[in-house]
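[1] coordinates only, sequence not included:
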């Protein structure tokens with residue numbers, strides 16, 4: 001089902017989280033096939049509808065597949081315990097048993113991109129700006145993080161640099177998880193848009209100073 005033909009978004013039903021809770025405990029083809037209708041109705045279709053409503057303003061998104069390609073995932077469970085989508089190359093959303101995560105940032109960049117990121121953090125003007133953005137997000141209880149942090153100051157940077165915490169990050173992203181209780185009605189769309197608006201300054205800063 002293409003997101004272009006998805007229906008009006010009316011929220012994500014509680015069944016979606018029941019499904020993911022069950023999948024976490026019974027990750028097998030037999031369990032999934034027995035509960036596939038719940039997955040389609042309560043998880044996949046609402047997410048497609050959400051992406052369709054966001055697309056005119058934020059750009060297109062396509063849901064990931066829930067099943068793993070076992071040719072490249074030997075020893076792992078056959079199904080992921082979430083479904084996710086990038087949106088317009090600047091945001092992403094991920095649905096799991098814990099709720100809906102909405103975020104933005106840069107993840108595991110290549111060497112040249114990481115050098116641009118650190119250079120922009122170190123620069124006085126752009127560095128002060130990103131520090132203020134990060135501080136503002138943290139005040140609003142957003143999670144700001146990285147997949148990995150260096151144990152010492154990166155080569156070429158002093159350990160006492162005023163933004164050493166950010167310089168030690170190997171990428172930078174921020175977001176918020178909306179709990180199941182905040183997602184069951186159409187009002188969830190406003191909440192998602194609100195999070196995207198809050199993380200937009202981070203996305204804009206990365207587009208201006210880091211994207212090639």
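    Nice, thanks for sending it over. All of these numbers come straight from a predicted model, not from anything done at the bench.

[2] Residue 16: what's it in contact with?
    Counting by C-beta atoms under 8 Å, 6 or more residues apart in numbering, residue 16 makes contact with 42-43, 46, 95, 180. (C-beta placed from N, C-alpha, C; glycine too.)

[3] what residues are up against the closest residue to residue 87 other than its chain neighbours?
    The shortest distance from residue 87 to any non-neighbouring residue, by C-beta to C-beta, 6 or more residues apart in numbering, is to residue 61 (4.2 Å). Residue 61 sits next to 3, 51, 54-55, 85-88, 93 when contact means C-beta under 8 Å, 6+ apart.

[4] Of the contacts of residue 16, which belong to helices?
    residue 46 (DSSP state H).

[5] With neighbour count as extra columns, can I get the contacts of residue 16 in JSON lines?
    JSON lines is the format used below for these (neighbours: other C-beta atoms under 10 Å):
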{"residue": "42", "neighbour count": "20"}
{"residue": "43", "neighbour count": "24"}
{"residue": "46", "neighbour count": "23"}
{"residue": "95", "neighbour count": "25"}
{"residue": "180", "neighbour count": "17"}
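
[6] Narrow the contacts of residue 16 to those in strands?
    residue 95 (DSSP state E).

[7] do you know how far the residue nearest to residue 87 is from residue 180?
    Between residue 61 and residue 180 the computed distance is 21 Å (C-beta to C-beta, to the nearest Å).

[8] Relative to residue 31, which of the contacts of residue 16 is nearest.
    Checking those against residue 31 with C-beta to C-beta, the nearest one is residue 43 at 14.5 Å.

[9] Domain map for this protein?
    1-97, 104-212 (automatic domain parsing).
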